[in-house]
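Undergrad: give the three-dimensional model of this entry:
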Amino acid sequence: MLDPIGRGGELGRLGRWEEARLGRWAGALMEYHRVAAAREHLLGPDHPDTLAAREDKAHCPEQVGRGREAVELYRRVAVPRRQLAAGAF
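TA: The predicted model follows:
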């Protein structure tokens, strides 16, 4: 059984990695989005695992030349990561 938030499920991680490795960025983006949404629901929007999933999700548009979209997604992760690092949470 796959981990619903994509942490411990080796098959789930391999599936996302395989989609990305094969250049199937649309499929990878859908998987990263699913994992990010599940983590946000279960762990909260600023949990380190949620932020990691959002960062993974930002990588997909970057790879297909949608730089502006990727930058915006990365920015949405950077602010809470800085706050987390500073002990604001």
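Undergrad: all helices of the chain, in order?
TA: Under the criterion DSSP state H, the chain carries helices at the ranges 10-21, 25-43, 48-63, 67-85.
Undergrad: from the centroid of the protein, which residue is nearest?
TA: Centroid-nearest residue in the chain, with CA atoms, centre = their mean: residue 53, separated by 2.2 Å.
Undergrad: follow-up on the earlier one: tabulate the helices of the chain in TSV, adding columns for mean pLDDT.
TA: Shown next, in TSV, are the helices of the chain (pLDDT from 0 to 100):
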stretch	mean pLDDT
helix 10-21	56
helix 25-43	85
helix 48-63	86
helix 67-85	89
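Undergrad: and among the ones you listed, the most buried is which?
TA: The highest mean neighbour count among those, using mean count of other CB atoms under 10 Å, belongs to helix 48-63: a mean of 20. In this view, the C-beta of every residue, glycine as well, is placed from N, C-alpha and C.
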